[in-house]
Structure formats: structure tokens, C-alpha cells
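> Need the 3D shape of this:
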Amino acid sequence: MLLFDTNVLVYAANKDSEWHRRCSERLREARRDPAPTFLTWSVCYEFLRVTTHPRVLGSPWRSQEACGFIVDLLASPGFDLLVATPRHAAVLAQTLSELPELHGNVLHDVHTAVLMREHGVSRICTRDSGFGRFPFLTVVDPLDPA
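Presented below is the predicted three-dimensional model:
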């Protein structure tokens, strides 16, 4: 089981990115594989924010186009969304007690990590090395050979 982080989606969508080819290949591979692959709503909304922002992308997408990208991914065999369960608060409390140094902007990543932990998903495909701070996650760099 694997979760894709926002940055991989953005690089796959942005043809001007130096990492576009490899990230889009990783997504294509995952879309063909019926093995469970996940996103979160926060990853989806962050993708929408980044890809439609004129100060972030040189050629920003229209919101409908960005939403269509997400809808198409979620229609792929094996793709699904991780959502909070009644255990979410307890998993969050456990994670924060184990990693008390987490604060500020990192808490956005904590949300993703906690959802993954809650659902037993331990692999995240991301270029964000900060996910390495979570000992219960394995970071899969999309630029590394599969």
C-alpha cells in the first residue's frame, strides 16, 4: 500500500518540472496496478491550491482542470482516499507523544502521516524528505528506480 504526496502529483502535472517525466511515470505505473494506492483530501486540496496558483506555476491550471486530474486518479483501479476514523484523535495523540518536537507547518504533514498510520499504510511516495521524521513511514522517492 502506498500514498502519493502532493509534490509528486504537482510534478507529474507540471510539464515544466525537471521531475515531470519520472513522477508522471510513477503515477502511470500506480494507475495500472490494482494494488491499493491512496491520496488524502488534504493532499488533493493542496494539489488544487498549487496547480491553480499563478505565483507557483508559470502556466497555472483552471480549477476544473486540476479537479479533473484528481477525479481521474481516483477513478483508477486501486486508488482511494484515506479519511479519518473514530480512532483518529487517539492515533494523533500517540504520534505527538512519540514525536513531541513536531510543531508549526510540519503539522500539515502530521495529518497525512496520522491518516496513514491509522489505516496501516506505511509507504509514501514523495520528494519531501521531511516525512523521514516519522519512524512508522517509509519514504519512496519517485526519482529512485522502482
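
> With residue 129 as the reference, measure out to residue 76.
Look at residue 76 and residue 129: by C-beta to C-beta, to the nearest Å, they are 27 Å apart. For every residue, glycine as well, the C-beta is placed using N, CA and C.

> residue ranges of the strands in this structure, please?
Taking DSSP state E as the criterion, the chain carries its strands at 2-4, 37-40, 79-82, 123-125, 138-140.

> Which of those strands sits closest to residue 70?
The closest approach between residue 70 and any of those, judged by C-beta to C-beta, belongs to strand 37-40 at 7.4 Å.

> which one of residue 76 and residue 129 has more residues nearby?
Set side by side, residue 76 and residue 129 give different neighbour counts by other C-beta atoms under 10 Å, the larger being at residue 76 (16 against 9).

> Can you name the residues that contact the more buried one?
Listed by C-beta atoms under 8 Å, 6 or more residues apart in numbering, the contact set of residue 76 reads 30, 31, 37.

> Just the pLDDT at residue 146, thanks.
You'll see residue 146 listed with a pLDDT of 63.

> so who does the residue nearest to residue 9 when sequence neighbours are not counted touch?
What sits nearest to residue 9 in space, not counting adjacent residues and going by C-beta to C-beta, 6 or more residues apart in numbering, is residue 47, at 4.8 Å. Contacts of residue 47 were listed using C-beta under 8 Å, 6+ apart, and they are 6, 9, 10, 13, 66, 69, 70.
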